[in-house]
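Q: Sequence and predicted structure, then a few things I'm wondering about:
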Amino acid sequence: MAKKLSLGIIFGSRSTEHEVSIVSALQLAGFVNPFKYDVTLVYISRQGVWYVGPALWKLETYLNFDPRKSGLTQVFPDLTARSRALVSARRGRLFAGETRRVEARLDCVIPVMHGLNGEDGSLQGMLEMMDVPYTSTGVAGSAVGLDKIMMKQAFRGLGVPVMPDTAVSRREWQHDPGGLIRHIEATLPYPVFVKPANLGSSIGVSRADDRPELSEALALGFSLDRRCLVEQGLDNPEEVNCAVMGYDGDITASVVEMPVRQGELLDFKTKYLSAAQGGGMASLSRVIPAPISLEETALVQQLSRDIFWALDCKGVVRVDFMIDRATRNIVVTEINTIPGSLAFYLWEKTGQGLTYRHLIDRMVNYALKAWQDKDASVTGYESAIISSAITARLSGAKGAKA
């Protein structure tokens with residue numbers, strides 16, 4: 001019998017989408033094939049402390065979180081390349097010092113993070129340093145995908161259709177709020193949407209139809225982020241989403257969905273608070289496949305694949321779109337490099353019979369393939385720089401420095 005893979009699921013962290021991450025992670029963990037993987041849940045608390053332990057499998061653990069009562073073990077990632085260890089440290093008896101113990105070694109990691117300190121490339125950078133295979137998009141693609149301002153610039157560079165926008169900062173707001181509002185009004189017509197640059201799940205997103213509403217929206221946005229994107233809005237657009245899965249040249253687009261929203265904005269409450277009772281984003285009301293034309297479906301899927309390729313994505317992402325009901329023009333809204341519920345519900349409807357369990361297998365395989373490709377690349381270069389510097393110093397060469 002083949003040895004099972006040690007699979008780490010990392011979630012939580014210092015993010016406004018902390019609870020969303022917990023729900024998504026436990027949902028995913030319940031679908032992992034126990035005959036192929038030994039799963040270690042790795043929870044990062046709101047304070048940035050890492051924990052492992054059986055209690056992490058229970059949602060109740062996260063209410064009034066108390067690691068001591070829950071019997072959790074605090075761990076530290078060993079950043080030594082290929083160690084892949086999560087290490088605990090326990091104080092011994094008086095003068096005995098500290099005892100370190102390896103609590104787990106991870107063959108592969110599934111980051112189930114939403115927002116800052118996890119989906120933004122920070123965790124991915126650490127995993128790259130540890131030399132651990134992981135299932136999400138890499139450092140650059142993750143960072144660009146989360147930052148709405150940089151993301152829109154990247155989309156424009158690709159020639160992808162987007163709504164007009166302007167980027168604004170907290171410094172501008174604090175220095176001259178009236179001037180900033182006048183700049184926005186001169187640049188964009190109402191309605192506009194104000195979006196904190198590095199938040200997701202629609203947290204802090206507000207629609208403004210006039211100056212007072214714009215002022216209120218900016219105040220909220222800047223309370224959550226240093227930078228905001230102000231984007232021209234569409235009145236009552238059709239919203240559609242498409243997931244993409246793959247790595248390198250192996251890229252597949254899912255069936256297209258149309259979320260059912262109530263009101264002008266598919267907000268955090270609609271996305272998660274009501275959906276949490278039924279299992280995260282998978283329980284949100286939606287029409288699959290989206291009731292749009294075949295030509296529109298094909299364009300959405302092609303644009304989604306193009307964005308996946310351009311940002312060098314990996315695993316599963318979801319790309320969101322808006323369609324102007326009057327003109328039928330399609331614009332890209334954003335990319336989610338770690339989408340809620342990992343968009344598994346779209347793959348189940350794609351016609352390939354791909355269950356969540358099989359989707360996890362695919363993601364792990366892509367992670368391992370990406371790691372093998374990285375391992376095949378030369379990362380070192382031997383030169384005579386140090387020996388030359390030493391020789392120059394010993395010879396007393398002018399200007400030589402140690």
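A: Now that the structure is in, tell me what you want to look at.

Q: how close does the closest residue to Gly246 other than its chain neighbours get to Gln174?
A: Once flanking residues are discounted, Gly246 sits nearest to Thr252: 5.6 Å by C-beta to C-beta, 6 or more residues apart in numbering. Yep, even glycine has a C-beta here, placed from its N, CA and C like the rest. Separation of Thr252 from Gln174 (C-beta to C-beta, to the nearest Å) stands at 46 Å.

Q: What of Trp57?
A: 45 Å.

Q: tell me which element Arg318 is part of?
A: Following DSSP states H and E, one finds Arg318 within strand 314-323.

Q: State the next helix or strand along the chain beyond that strand.
A: Where DSSP H and E defines the elements, the next helix or strand beyond strand 314-323 is strand 330-336.

Q: Could I get the CA-only coordinates of that next one as CSV?
A: The C-alpha trace of strand 330-336 is given here as CSV (Å, rounded to 0.1, in the frame of the first residue of the first chain):
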residue,chain,number,x,y,z
ILE,A,330,-18.6,42.2,-20.6
VAL,A,331,-16.1,43.5,-18.0
VAL,A,332,-13.9,41.7,-15.5
THR,A,333,-14.5,42.6,-11.9
GLU,A,334,-11.7,40.7,-10.1
ILE,A,335,-9.9,37.4,-9.6
ASN,A,336,-10.1,35.4,-6.4
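
Q: now the strands: where do they sit in the stretch 201-350 of the chain?
A: Ranges of strands in the stretch 201-350 of the chain, per DSSP state E, counting those that start in this stretch, are 206-208, 227-232, 238-247, 250-259, 286-287, 314-323, 330-336.

Q: same deal with the stretch 51-200 of the chain?
A: Using DSSP E, counting those that start in this stretch, strands in the stretch 51-200 of the chain cover 73-77, 85-91, 98-105, 108-112, 165-169, 192-196.

Q: before we move on, back to that, I'd like to know how many residues surround the residue nearest to Gly246.
A: Thr252 has 16 neighbouring residues, counting by other C-beta atoms under 10 Å.

Q: any idea how far it is from Ile292?
A: Distance of Thr252 to Ile292, given as C-beta to C-beta: 20 Å.

Q: Which residue ranges of the stretch 101-250 of the chain form helices?
A: Per DSSP state H, counting those that start in this stretch, the stretch 101-250 of the chain carries helices over the ranges 122-130, 139-146, 148-158, 170-175, 177-187, 211-224.

Q: just to revisit the earlier point, tell me which of the strands of the stretch 51-200 of the chain lies nearest to Ala143.
A: strand 108-112 (13.6 Å; C-beta to C-beta).

Q: Mind giving me the packing neighbours of that closest one?
A: Packing contacts for strand 108-112, counted by 3 or more C-beta pairs under 8 Å, 6 or more residues apart in numbering; DSSP states H and E, involve strand 5-12, helix 18-29, helix 122-130, helix 356-375.

Q: Next, the angle helix 18-29 makes with that strand.
A: Counting by axes from the mean of the first three to the mean of the last three C-alpha atoms, to 10 degrees, strand 108-112 lies at 140 degrees to helix 18-29.

Q: Got the phi and psi for Ala326?
A: phi -80, psi -50 (degrees, to the nearest 10).

Q: Now do the same for it: its pLDDT.
A: For Ala326, the model assigns a pLDDT of 94.

Q: One more: Glu17?
A: According to the prediction, Glu17 has pLDDT 88.

Q: same deal with Gly263?
A: Gly263 is assigned a pLDDT of 52 by the prediction.

Q: quick one, domains of the protein?
A: When the chain is parsed with automatic domain parsing, its domains come out as 5-134, 165-232, 235-372.
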